[in-house]
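**Q** Give me the fold of what follows.
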Amino acid sequence: MRGPWIPVNLSSEPFKKSRTILIASIFTAVVLVAGLVLQISVIKRERHAARNNRGVLLQLDRQLQSRNRDYNSLSAQLRQPVNVAVFDRSVFLNQLLQRKGISWTRLFADLEAVFPPAVRLVNVRPYLTADNEVQLDMVVGSATPEPVIELMRKLENSQVFGATALLSSQPPSQNEPIYRYRLSVSYAQKL
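**A** Numbers count the residues shown, from 1 in each chain. Model (predicted):
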């Protein structure tokens with residue numbers, strides 16, 4: 001006969017199923033070590049790239065200093081009294097050549113394409129702005145103001161001409177039986 005079953009624990013600590021926790025801990029440790037190795041390699045690569053960038057930056061800085069020294073010596077040479085007159089003359093000649101580069105034939109052909117038949121061109125003077133853009137100063141005449149308004153609209157809508165400004169106007173007189181308008185218009189002729 002057997003008596004009642006009595007559980008007997010002969011160990012000081014009860015048995016625990018810690019194998020899954022141990023495997024999960026080892027896996028986590030491996031992932032963390034791999035992440036650390038990856039971060040160390042990225043940091044080394046970034047340090048190497050930063051060192052190369054500093055070298056390139058230092059080389060460019062030396063080149064800039066060399067160019068600045070050359071510029072300063074040439075500028076000092078141009079500011080000498082002997083060279084100022086030659087420099088001013090060359091600037092004047094360059095501006096003159098740019099101004100002469102405007103094609104009058106093309107200018108009149110472009111104006112003919114936008115001028116209404118009732119408007120007469122009295123005077124036209126092209127000049128270069130500080131931005132090297134061609135600007136036209138024109139005086140036009142018409143028996144009534146409406147054709148000039150039409151001309152201004154056509155100039156502004158044209159691909160060759162641009163913004164148009166009315167600078168002044170004169171009513172008809174005994175000597176001039178037409179309205180006169182002074183216009184300023186930008187002109188996109190390539191030099």
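
**Q** Could you list every helix and strand that the helix or strand bottoming out on mean pLDDT in the chain packs against?
**A** Lowest mean confidence among the helices and strands of the chain (mean pLDDT, DSSP states H and E): helix 81-100, at a mean of 76. Identification of packing neighbours for helix 81-100 by 3 or more Cβ pairs under 8 Å, 6 or more residues apart in numbering; DSSP states H and E yields helix 19-78, strand 119-128. No exception for glycine: its C-beta is placed from N, CA and C like everyone else's.

**Q** and the residue positioned nearest the centre of the chain, helix, strand or coil?
**A** Taking Cα atoms, centre = their mean as the criterion, Asp131 is the residue nearest the geometric centre of the chain, at 15.0 Å. When classified by DSSP: H, G, I helix; E, B strand; the rest coil, Asp131 comes out as coil.

**Q** From Gln159, how far out is it?
**A** With distances taken as Cβ to Cβ, to the nearest Å, Asp131 is found 19 Å from Gln159.

**Q** do the same with Pro126
**A** When distance is defined by Cβ to Cβ, Pro126 is 18 Å away from Gln159.

**Q** same thing with Pro117?
**A** The value you get for Pro117 to Gln159, if Cβ to Cβ is used, is 21 Å.

**Q** Kindly report the same for Val42.
**A** Between Val42 and Gln159 the distance is 54 Å, computed by Cβ to Cβ.

**Q** and the end-to-end length of stretch 129-144?
**A** Using Cα to Cα, to the nearest Å, the gap from the first to the last residue of stretch 129-144 comes to 32 Å.

**Q** residues near the nearest residue to Gly162 once chain neighbours are set aside, how many?
**A** The shortest distance from Gly162 to any non-neighbouring residue, by Cβ to Cβ, 6 or more residues apart in numbering, is to Ser186 (3.8 Å). Burial measure for Ser186: 17 neighbouring residues, criterion other Cβ atoms under 10 Å.

**Q** No more questions from me, cheers.
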